[in-house]
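In: Build the 3D model from these lines:
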Amino acid sequence: MIEAQGTQLDQLLAARTKANAAFFEREAERTARLCHRMAERFARGGRLVALGLSPQARSDVRHVAVEFVHPVIVGKRALPAIGLSREGGDLVAQAELVCEPDDVAIGFDGGAAEALGVARARGGVTIAYQPLGAEWEFEPPSADPFIRQEIAETHYHVLWELCHVFFEHRGLLEGRAAGAVHDTGASSFLYPFLAESEHDLDAVLEDVRGSVLMKAEEVGRLREQTLSEGRDALVGAAAAVRRSGTLLALGNGGSATDAMDVVADFRSAPQGWPARRAIDLTEDAAILTALANDIGPAAIFQRQVIAYGREGEALLALSTSGNSENVIEALAEARRRGLTTVAMVGYDGGRVAAEGLADHVVVTRSEHIPRIQEAQASTYHVLRELVESG
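Out: Now for the predicted structure:
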């Protein structure tokens, strides 16, 4: 069984490597041009509006919104983003209330098609990862729903990272609301960028296109490292989760949306697999805010492990650093209560890896948070497949 699952893991990695390379080679130039369009909209006061209804699409809606609003890369500005999903009721009605002419709307599933139509009719830039009538459609070259989601996640991370490039070249942003930030007067010929007299859009687009390809190659290498080095941990974790009956999942920020996606894939896999019990410890805002306010943020997951965790069940913790106090407290509590613990961590693994705080640890060896999260998406998707095939 172990050998067979190792072979399966190799096949899953190969399929991802092929699809990732094909997609970004095909779409790098269009992606660069879209980054420029998005920067113009943000410079005019527009917002990102993310739309989706399915459990998996809901996680992408939340993920892209938190990335834009809470930049994790030093020097990147916070950009306005709003996520609309099933919690708010009818998606079209929500779009009609929210969407404005300078917005950028991104749809993640068929349930977003009509809402995207509302955004486009109002003059918004529209984006989708399947044929939904959007102005910019990027179709991943795979029928596998997990691979499609992973490519979409890398793509919207790249859009977020690289639209910022154009803020450094303000003279290339047409129609923006803000005036010039510098007036260099007679010395403008010495400092054309400061005078915002830039005109070589093609050169900047070519640089951004190259950056798109570099980021795609980076995540391809990182995915290979993660799944190859983590092979034994993943196979062992899959066996433990399969036996456990219930999976608890947690994480902070973008990792919280990954926990949301994990739980969606266990409860309602897009492949139609049988539902498995899973609980998202990031889901209930009332519980999270009550614990954070009354006890402290370190307890927000630990107290839920006390409430829900049972001996023999499993806990999956996602962390880009491996050092988050609330993650470490939850892992410790889970061990005290006899749960199997699985951790997916970035950087060098942090305290979780160094101190052996989980039974099965998979390390994504990078300090670039978007790439870590993308490789971790592949990792928990592969875990889900191994659980099902065992």
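In: What ranges does the stretch 101-250 of the chain have for its strands?
Out: For the stretch 101-250 of the chain, the strands defined by DSSP state E, counting those that start in this stretch occupy 104-107, 125-128, 136-137, 246-250.
In: Partner strands of the last one and their direction?
Out: Neighbouring strands of strand 246-250 in its sheet, by DSSP bridges, are strand 277-280 (parallel), strand 314-319 (parallel).
In: Take those and lay them out in CSV including mean pLDDT, distance to A105 and mean neighbour count.
Out: For the C-beta atoms, the positions are set from N, CA and C on the backbone; glycine is no exception. Shown next, in CSV, are these (pLDDT from 0 to 100; distance: least, C-beta to C-beta, whole Å; neighbours: other C-beta atoms under 10 Å):
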stretch, mean pLDDT, distance to A105, mean neighbour count
strand 277-280, 98, 26, 19
strand 314-319, 98, 28, 29
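In: Just list what the lengthiest helix in the chain packs against, helices and strands only.
Out: What stands out as the longest helix in the chain, according to DSSP state H, is helix 2-43. Helices and strands touching helix 2-43, by 3 or more C-beta pairs under 8 Å, 6 or more residues apart in numbering; DSSP states H and E, are strand 104-107, strand 125-128, helix 145-163, helix 201-229, helix 231-244, helix 369-389.
In: Please work out which of these is packed deepest.
Out: Of all the helices and strands packed on helix 2-43, strand 104-107 has the most neighbours on average by mean count of other C-beta atoms under 10 Å, namely a mean of 30.
In: any residues touching that one, and which ones?
Out: 37-38, 41-42, 46-52, 64, 95, 99, 113, 115-116, 119-120, 124-129, 132, 134, 156 (C-beta atoms under 8 Å, 6 or more residues apart in numbering).
In: again, only this time at 7 Å
Out: Strand 104-107 has contacts (C-beta atoms under 7 Å, 6 or more residues apart in numbering) with 38, 41, 46, 48-52, 64, 99, 113, 115-116, 119, 124-128, 132, 134, 156.
In: One more: stretch 142-152?
Out: 15-16, 19-20, 23, 56, 60, 129, 140, 270-271, 374, 377-378, 381.
In: Need the buried ones from these selected in ChimeraX.
Out: Remark: buried members of the contacts of stretch 142-152, expressed as a ChimeraX selection using 16 or more other C-beta atoms under 10 Å:
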select :16,19,20,23,56,60,129,140,270,374,377,378,381
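In: closest to A285 among the contacts of stretch 142-152?
Out: D60 (18.8 Å; C-beta to C-beta).
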